[in-house]
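In: Generate coordinates for the sequence data below:
(chains A, B and C)
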Amino acid sequence: MSADGFASRLLAWYDRDGRHDLPWMHPRAPYRVWLSEIMLQQTQVQTVIPYFERFVAALPSLPALAAAPQDDVLALWSGLGYYARARNLHATAKICVEMHGGDLPRDLDALVALPGIGRSTAGAILAQAWGDRFPILDGNVKRVMARYHGIAGWPGTPAVEKEMWRLAESHLPYARMADYTQAQMDFGATLCTRHDPACVLCPLQSDCAALREGRVAELPTAKPNKPVPERRALVLLAQDARSRVLLLKRPPAGIWASLWSLPEAEDHETARAWFGKHLRGDYDHGEALEPIAHAFTHYRLQLQPLRWQGLGLRDAVNDDGGLRWVAFDELESLGIPAPIRKLLLAIAPRSPG
DNA sequence: AACACGGGGAT
DNA sequence: ATCCCAGTGTT
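Out: Below is the predicted model:
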């Protein structure tokens, strides 16, 4: 074990107080570890668990994922956010079937070369799936390193991050790498938390710089914040005589890439033009529904839905591959942005509200 | 170095 | 309201 006792103390804590029953641990197979690590990027454990269970039930192996249609993968991801993760996951599965015999490569650089896998995720996969000796540097480890070593400066800056990689590497044990990796994440998520960490219970309290210096609350240094812009848009909620809803597949890049959503327009002029080109009916008969406010990390979005019923498509646009009438009972099989899904469920027949 | 990329939970 | 989370990819 490393000489300073960091890892051995963390492992002893993990044996008693860590989480040993997370779904991706039983079995702790490479495919499941990989999937869990991707889902857990910027996403908390309790959010991920039901998505993970549903995903592995539908696509239990890497080759099964590789063979699945993209719409199926996005439907399984729908509501989890950061949909590039799902597209990269799918792309990586195909590459692994093509180049690595249907398995993930057991090699750091080969993993990092795959879409959606950076250095931290690659280390987490190698350590948890095979016990290989690589560090991770996620938000938990950054927080623990900042406090334990008294490192000031936002961890997103390259200089701070580089120093933290070095420190994380310096603590690696020579055995139990899978448990050690899980231990760090459990420790950061449940004891050395962002707010009100349980320092009195901490196995590292005797050597923690932040605790010694009374800087626990101010470390790690918060990200400098900037004002977030607001964007407004109209969304067109067209229904046909059978109450089906007209959905449009979004472009493969940008926000909500490749998901099915409602047609959007910047203003009424643009909306009217789009309506006239694609639909038969009277734009001015649209009913304005309650606006939807949706907050992203980097901007706020206010959507104003306009609803029409009993419409038809113009004959000429039936071949448009990105447009589709969708019945309410088909919604669960498609990848749809969370606020749009919520809106559609609110107007569904026999729905609450 | 800064930004894009979702959604939910905590305060 | 605001922050931030088991980050990565693009510019």
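
In: Quick check: residues of the stretch 1-150 of chain A near DNA strand B?
Out: When proximity is defined as CB under 7 Å from any atom of the strand, the stretch 1-150 of chain A approaches DNA strand B at A:Gln42, A:Thr43, A:Gln44, A:Gln46, A:Thr47, A:Gly79, A:Leu80, A:Gly81, A:Tyr82, A:Tyr83, A:Ala84. Where you see a C-beta, it was placed from the backbone N, CA and C, and this is true even at glycine.

In: mind running it again at 10 Å?
Out: A:39-48, A:77-87 (CB under 10 Å from any atom of the strand).

In: Buried ones only from those, please, as a ChimeraX command.
Out: Here is the ChimeraX command that selects the buried residues among these (16 or more other CB atoms under 10 Å):
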select /A:39,40,41,45,48,77,78,80,81,83,85,86,87
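
In: ok, and which of the residues of the stretch 1-150 of chain A next to DNA strand B reach DNA strand C?
Out: Of those, the ones that also sit near DNA strand C (CB under 10 Å from any atom of the strand) are A:39-48, A:81-82, A:84-85, A:87.

In: Kindly indicate which of the residues you listed lies nearest DNA strand B.
Out: Distance to DNA strand B, by CB to the nearest atom of the strand, is smallest for A:Gly81 among those, at 2.6 Å.

In: Surely that closest one is in contact with A:Thr43?
Out: Yes. Contact criterion CB atoms under 8 Å: A:Gly81 and A:Thr43 qualify, at 7.1 Å.

In: And the strands in the stretch 251-353 of chain A?
Out: A:260-261, A:264-265, A:279-280, A:287-288, A:292-295, A:300-313, A:323-326 (DSSP state E, counting those that start in this stretch).

In: Could you report the separation of the residue of chain A positioned farthest from its centre from DNA strand B?
Out: No residue in chain A sits farther from the centre than A:Asp282, which is 39.9 Å out by CA atoms, centre = their mean. The span separating A:Asp282 from DNA strand B equals 31 Å under the rule CB to the nearest atom of the strand, to the nearest Å.

In: Same check on A:Leu137?
Out: Note on A:Leu137: its distance to DNA strand B, by CB to the nearest atom of the strand, is 15 Å.

In: For DNA strand C, give me its nearest residue in the stretch 101-250 of chain A.
Out: Nearest residue of the stretch 101-250 of chain A to DNA strand C (CB to the nearest atom of the strand) works out as A:Gly118 at 2.6 Å.

In: got a list of what that residue touches?
Out: Residues near A:Gly118 by CB atoms under 8 Å, 6 or more residues apart in numbering: A:Val112.

In: can you check A:Gly102 too?
Out: With contact taken as CB under 8 Å, 6+ apart, A:Gly102 is in contact with A:Leu62, A:Pro63, A:Ala66, A:Cys96.

In: surely the second one meets A:Glu98?
Out: It refers to A:Pro63. No. Between A:Pro63 and A:Glu98 there is no contact under CB under 8 Å: 11.1 Å.

In: Just the ones in helices from the contacts of A:Gly102, please.
Out: Under the assignment DSSP state H, the contacts of A:Gly102 contribute A:Leu62, A:Pro63, A:Ala66, A:Cys96 to helices.

In: For burial, what's the neighbour tally of A:Asp21?
Out: Residues lying near A:Asp21 (other CB atoms under 10 Å) number 6.

In: Please report the distance of it from DNA strand B.
Out: Taken as CB to the nearest atom of the strand, the span from A:Asp21 to DNA strand B is 19 Å.

In: Now that residue: phi and psi?
Out: phi -120, psi 20 (degrees, to the nearest 10).

In: In contact with the residue farthest from the centre of chain A, which residues?
Out: A:Asp282 neighbours (CB under 8 Å, 6+ apart): none.

In: quick one: it and A:Phe275, what's the gap?
Out: Distance from A:Asp282 to A:Phe275, counting by CB to CB, to the nearest Å: 9 Å.

In: quick one: low-confidence parts of the stretch 251-353 of chain A?
Out: A:316, A:318-321, A:350-353 (pLDDT under 70).

In: Return the residues of it in contact with DNA strand C.
Out: A:Ala253, A:Ala293, A:Ala295, A:Phe296, A:Thr297, A:His298, A:Arg300.

In: Which helix or strand in chain A has the lowest average pLDDT?
Out: Ranked by mean pLDDT, DSSP states H and E, the weakest helix or strand in chain A is strand A:292-295, scoring a mean of 90.

In: could you dump the contacts of A:Gly102 to CSV with neighbour count?
Out: Output for the contacts of A:Gly102, formatted as CSV (neighbours: other CB atoms under 10 Å):
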residue, neighbour count
A:Leu62, 24
A:Pro63, 16
A:Ala66, 18
A:Cys96, 23
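
In: Of all pairs in the residues you listed, which one is the farthest apart?
Out: Spanning the widest gap among these are A:Pro63 and A:Cys96, at 8.6 Å by CB to CB.

In: hmm, back to that, hmm, the least confident helix or strand of chain A touching DNA strand B?
Out: Yes. Using CB under 10 Å from any atom of the strand, strand A:292-295 reaches DNA strand B at A:His294, A:Ala295.

In: got the contact list for that strand?
Out: Surrounding strand A:292-295, the residues in contact under the criterion CB under 8 Å, 6+ apart are A:Val235, A:Arg300, A:Leu301, A:Gln302, A:Leu303, A:Gln304, A:Pro305, A:Pro339, A:Lys342, A:Leu343.

In: what does stretch A:194-206 give?
Out: With CB under 8 Å, 6+ apart as the test, stretch A:194-206 has contacts from A:6, A:9-10, A:12-13, A:143-144, A:147-148, A:191-192, A:208, A:211, A:216.
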